[in-house]
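Asker: This is a predicted model, with the sequence first.
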Amino acid sequence: MRGQLRLRRVEPPQDLLRPGREHPAGFGEPDPASGPLHQAGAGLRLQPGKVMTHRGLGVVQLTRRGGDRAVLGDRGEDPEPGDVEHAVHRIDAIYGTSRQVALDEYETVPEPGAMRLPCFTDVLRAGQTLRPHLPPTPAWSYPALDAACGAHVVVKHENVQPTGAFKVRGGLTLLATMPAAERDRGVVTYSTGNHAQSIAYAAREFRAPCTVVMPEGANESKHRAVEALGATVVLRGTTLEESATAATLLASRCGARFVSPADEPALIAGVGTAYLELLTAAPDLDVIVVPVGGGSNAAAASLVVRTLAPHIEVIGVQSDAAPAAHDSWHAGHLVERPNRTEVEGLSTGRGFALTQQLMRDGLAGFVLVSDNDIRAAQRLLLSHAHTLAEGAGAAGLAVVLGDPPRFAGRQVGIACTGANASLDQLRSLLAA
């Protein structure tokens, strides 16, 4: 990806940030001004040096008591002398401006139409961010389940998260990395439930206003859970797509940060920490089967597995009653499809650009299962693994049960992504 530095007072060469190459920077020497930024950063000066790309960010070589490197685009509050953020402040000070600048003036800007892809380093940073907030979740196997599947199955129990689903990892990562001023303006998102709870939970942790738009007739238990977390719930539209349109308009009108349930690098980075944990607990896996709605889960799995264990297959699964992500992946471009599934976590009528790009690079396959197959897998998890799973959390097991030759004798990881089934869903499940 090519980019250019967004510097208001300096115009660097337009091709400074060509990936994989280094170019002379020639940014010059500091002015002899005596403002507070100069005093705080005594001894720091820009040298004619090199500007390059590093994991999608612009990097300028600096000299300060033996040499430092400043990352243009890294953000933070109250930077200390010598930190990369402090160096970015100093770039502005050197060119004669005494104001404290917003760090987003120095980000790497993708070409029009491009979207920044999360990288493995983002996942590692997310792990540090989440450590004070969330403990690792268990990855357990069950002999009775193995016998029923004809394979050794390791269940990653994201159903035990405080919101009952994996998405809280992404929500906390996103809110933690937002600038304070942006958090104060609040966030607006849309969801049938689990994404809503994750953003509401994170907003409460960081004391940010939160509004969630849900379709009319959304899961009542998830609706109540979102309100209990302090968020405002707005019911708009009869489909998730109509709710998305309403949420976008609402965010624009109130000046809040609109949060997509899928096209957000921070969400994917946060979810990726689950797969760091899974590979640590079960390094000998042959395949991981991941449910797909918007695709943040499968995109995160693809990113982490491709980096750490590229020999492991990652397989996505979606309901055949809502195949938009599946069909987008196979078509190689985004498509819309009817959304008729009863499985809320797999419910979407379109593909998402960011997650599709990561899945296209990382999935070994993408399959469909029926809602009935998913319900059967839910019952098996309940009876053979003592695990309450919502539909999406059982979709990976449905794939394993539906294709015995593919998985026979293999070590298979499945993501039990959530446990937020409604009372009506549980009654139906137990009555069958």
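Answerer: Nice, I can see it. Residues are numbered from 1 along each chain as shown.

Asker: from here on, contacts and neighbour counts on C-alpha atoms
Answerer: Fine.

Asker: where does this protein have low pLDDT?
Answerer: Scanning the chain with the threshold set as pLDDT under 70 gives 1-115, 432.

Asker: ok, 90 please
Answerer: Within the chain, the segments meeting pLDDT under 90 span 1-117, 192-193, 217-225, 238-241, 344, 347, 421-432.

Asker: May I ask you to name the longest helix in it?
Answerer: Counting by DSSP state H, the longest helix found in the chain is helix 265-281.

Asker: Show me what that one is packed up against.
Answerer: If you count contacts as 3 or more C-alpha pairs under 8 Å, 6 or more residues apart in numbering; DSSP states H and E, helix 265-281 packs onto helix 120-130, helix 168-177, helix 296-308.

Asker: need these in JSON lines with mean neighbour count and distance to residue 185, can you?
Answerer: As requested, those are exported to JSON lines (neighbours: other C-alpha atoms under 10 Å; distance: least, C-alpha to C-alpha, whole Å):
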{"stretch": "helix 120-130", "mean neighbour count": "19", "distance to residue 185": "22"}
{"stretch": "helix 168-177", "mean neighbour count": "25", "distance to residue 185": "12"}
{"stretch": "helix 296-308", "mean neighbour count": "25", "distance to residue 185": "25"}
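
Asker: With distance to residue 424 added, can I get the ones you listed in CSV?
Answerer: Shown next, in CSV, are these (distance: least, C-alpha to C-alpha, whole Å):
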stretch, distance to residue 424
helix 120-130, 33
helix 168-177, 24
helix 296-308, 26
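
Asker: Those helices: which one's closest to residue 422?
Answerer: Closest of those to residue 422 is helix 168-177, at 18.8 Å (criterion: C-alpha to C-alpha).

Asker: Figure out how far the next helix-or-strand element following the closest one is from the centre of its chain.
Answerer: Note on helix 168-177: by DSSP states H and E, the next helix or strand toward the C-terminus is helix 180-185. Distance, stretch centre to chain centre, for helix 180-185: 20 Å (C-alpha atoms, centre = their mean, to the nearest Å).

Asker: buried stuff in helix 180-185?
Answerer: Neighbour counts over helix 180-185 (16 or more other C-alpha atoms under 10 Å) mark 183-185 as buried.

Asker: Residues in contact with that helix: which ones?
Answerer: 175, 206, 208-209, 255-257 (C-alpha atoms under 8 Å, 6 or more residues apart in numbering).

Asker: Looking at these, which is nearest residue 304?
Answerer: Out of the contacts of helix 180-185, the member with the shortest distance to residue 304 (by C-alpha to C-alpha) is residue 175, at 21.6 Å.

Asker: separation between that closest one and residue 361?
Answerer: Distance, residue 175 to residue 361, using C-alpha to C-alpha, to the nearest Å: 27 Å.

Asker: Mind checking what secondary structure residue 367 has?
Answerer: Following DSSP: H, G, I helix; E, B strand; the rest coil, we place residue 367 in the strand state.

Asker: Just read off the phi/psi values of residue 317.
Answerer: phi -140, psi 140 (degrees, to the nearest 10).

Asker: Which parts of the stretch 51-200 of the chain are strands?
Answerer: Ranges of strands within the stretch 51-200 of the chain are 57-64, 68-72, 108-110, 139-141, 152-157, 187-190, based on DSSP state E, counting those that start in this stretch.

Asker: count of neighbours near residue 145?
Answerer: 20 (other C-alpha atoms under 10 Å).

Asker: Confirm for me that it is in contact with residue 387.
Answerer: No: counting by C-alpha atoms under 8 Å, residue 145 sits too far from residue 387 to count as a contact (11.0 Å).

Asker: overlap in contacts of those two?
Answerer: Common contact partners of residue 145 and residue 387 (C-alpha under 8 Å, 6+ apart): residue 381.

Asker: returning to what we had before: which neighbouring elements make contact with the helix or strand just after the longest helix of the chain?
Answerer: The element immediately downstream of helix 265-281 (helix or strand, assigned by DSSP H and E) is strand 287-291. Applying 3+ C-alpha pairs under 8 Å, 6+ apart, we find strand 287-291 packed against helix 296-308, strand 313-319, helix 391-402, strand 411-416.

Asker: gap between the longest one and the chain center?
Answerer: This points to helix 296-308. Centroid separation between helix 296-308 and its chain, computed with C-alpha atoms, centre = their mean, is 10 Å.

Asker: who touches it?
Answerer: With contacts defined as C-alpha under 8 Å, 6+ apart, helix 296-308 is touched by 119-120, 123, 261-263, 267-269, 271-272, 275-276, 290-292, 312, 314, 316, 355-356, 358-359, 361-363.

Asker: re the thing from before, Throw the contacts of helix 180-185 into a markdown table and include secondary structure and distance to residue 152, thanks.
Answerer: Formatted as a markdown table, the contacts of helix 180-185 follow (DSSP: H, G, I helix; E, B strand; the rest coil; distance: C-alpha to C-alpha, whole Å):
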| residue | secondary structure | distance to residue 152 |
| --- | --- | --- |
| 175 | helix | 37 |
| 206 | coil | 40 |
| 208 | coil | 43 |
| 209 | coil | 44 |
| 255 | coil | 50 |
| 256 | coil | 46 |
| 257 | strand | 43 |
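
Asker: what two of those are the furthest from one another?
Answerer: Greatest spatial distance in these: 206 and 255, 18.1 Å, computed using C-alpha to C-alpha.

Asker: which of the contacts of helix 296-308 are buried?
Answerer: By 16+ other C-alpha under 10 Å, those give 119-120, 123, 261-263, 267-269, 271-272, 275-276, 290-292, 312, 314, 316, 355-356, 358-359, 362-363 as buried.

Asker: returning to that earlier point: what's the closest of the helices and strands packed on helix 265-281 to residue 234?
Answerer: Of all the helices and strands packed on helix 265-281, helix 168-177 sits nearest to residue 234, with 19.1 Å by C-alpha to C-alpha.
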